[in-house]
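J.: Got a sequence here, can you model it:
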Amino acid sequence: MKANLTDVSLRALKPPPKGQLTVWDKTSPLGVRVSQGGSKTFILMIGSGKRRTLGRFGIVTLSKAREEARRILAEKTLGITAPVVKTGVLFDVAVTTFIEDHYQSKKPRTKHEAKRLLTTKFPLLSMKLLSEITDEHISADLKKLADTPSERLHAFRVLRVFFKWCMRPPHRYIKHSPLDGYPVPGKDKKGKRILSDDELRKVWNACEGMFGDMIRLLILWGCRNGEIGRLMPQWIERDILTIPGEFTKNGRAHAIPILPIARAILDRNKTNARYYFPGRLIDDHFKDGSWGKFKKELDKRSGVSGWQIRDLRRTFRSMLARFKVPREIAEIALNHVTGAGRNDLDEIYDRYDYLSEKKDALTKIESYVTNLLNSHSQQTVSDIRSNQSFTLTPRSANSFHIWEP
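T.: Sure thing, here's the model as predicted:
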């Protein structure tokens, strides 16, 4: 495709629905390559089908690109020997196209996580051509993630998918993946860790600020941390908060009855922001990559270590079993699709919302937490297991008392 390249026409170029689009200037060998993600890069045809990258539009102006093109062509015409210039696609440029192409039908959260891992965990690859990247470069970056084995494994898997994508048509950026034959750095581990009563009390009391309130909701609701980090006030209707399917792992909406302790937490975090727990920008949610940093600070304050955020979900499930909540209800409270003997037909025909049963289960959890925090309370775990009714009334951010009718 040819056109008269001007600043106006460059800004007007729209990204292609797939792959890349190259527009050549009608009056010179200068061109611009437009990626699916919208980035525009100046390129120069230097003969025999060879192209040279000059820089990205927005950083390099059209006039500067033309000036550089004239210099390169003049040197070539005069026979001036210039340093050998390597051609190919930069890792960063390919990543941008990959994210837009490969994840276009995936959930926003999945796309965001892949982008985060590829753009923040591989600094040694950042400005390299794909053809220059070796397994030594990748190994050096992965070694830096040794302290977070789960993060390292996820980063490796996303990078492996990226390089396989780079080998496919129509782009075919590389012929072979540098990860061919590379051993997987670890494996998924089925966790067994749950927090004891004493550990849970220490963690709860050490919770501070916004992050502390997110941890408390994880204890009370058993959600995944990514769901809590994205909670929005608009999801609440009366005393029910419903997490839409696009924000859950299994794509299924999850309704959660809001009880007094959780209500107090949500109320004190409600602002004009879009999310209950915003990131650095007021209209953005708490970033998935920020949990680890705040978790280390929580470990120091609480004196409890050797546990992961996901262990709170396992602790929640174990508490429900401890309080004799039926297995089916416990699995539903976790938003598991086919737990406790449920099958695909149940998912199709059983449209009951189980809100009453969820509320009873979460009431037992809030009562348990209250018992942990108020050692003077006369209520014991055996009381919680019974079906007696009670009401939790907030005293303060950390303390609740039980009123029995």
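J.: what's the next secondary structure element after the strand or helix carrying residue 100?
T.: Residue 100 belongs to helix 91-102 when elements are defined using DSSP states H and E. Once helix 91-102 ends, the next helix or strand along the chain (criterion: DSSP H and E) is helix 108-120.
J.: Pop the domain breakdown of this protein in here.
T.: The chain breaks down by automatic domain parsing into domains covering 2-78, 91-166, 197-403.
J.: Tell me which other helices or strands the helix holding residue 100 touches.
T.: strand 30-35, helix 108-120, helix 149-166 (3 or more C-beta pairs under 8 Å, 6 or more residues apart in numbering; DSSP states H and E). Every residue, glycine included, has its C-beta placed from N, CA and C.
J.: so how far is that helix off the chain centroid?
T.: 17 Å (C-alpha atoms, centre = their mean, to the nearest Å).
J.: now do stretch 283-295
T.: With C-alpha atoms, centre = their mean, you get 9 Å for stretch 283-295.
J.: Report the rounded mean pLDDT for that stretch.
T.: Average pLDDT, stretch 283-295: 87.
J.: Give me the distance between the two termini of it.
T.: Taking C-alpha to C-alpha, to the nearest Å, stretch 283-295 runs 23 Å from one end to the other.
J.: Check stretch 264-280 too.
T.: 24 Å.
J.: avg pLDDT for it?
T.: On average, stretch 264-280 scores 92.
J.: buried sites along it?
T.: Neighbour-count burial for stretch 264-280 flags 264, 265, 266, 269, 273, 275, 276, 277, 278 (criterion: 16 or more other C-beta atoms under 10 Å).
J.: Out of those, flag the one nearest to residue 145.
T.: residue 277 (25.2 Å; C-beta to C-beta).
J.: Which residue, neighbours along the chain excluded, lies closest to the closest one?
T.: Computed as C-beta to C-beta, 6 or more residues apart in numbering, the closest residue to residue 277 that is not its neighbour in sequence is residue 286, at 4.4 Å.
J.: returning to that earlier point: which of the buried residues of stretch 264-280 sit farthest apart?
T.: Going by C-beta to C-beta, the pair spanning the buried residues of stretch 264-280 furthest: 264 and 278, at 19.2 Å.
J.: coming back round to it: the residue nearest to residue 277 reaches residue 229, doesn't it?
T.: Yes. Counting by C-beta atoms under 8 Å, residue 229 is a contact partner of residue 286 at 3.9 Å.
J.: any common contacting residues for these two?
T.: 214, 275, 277 (C-beta atoms under 8 Å, 6 or more residues apart in numbering).
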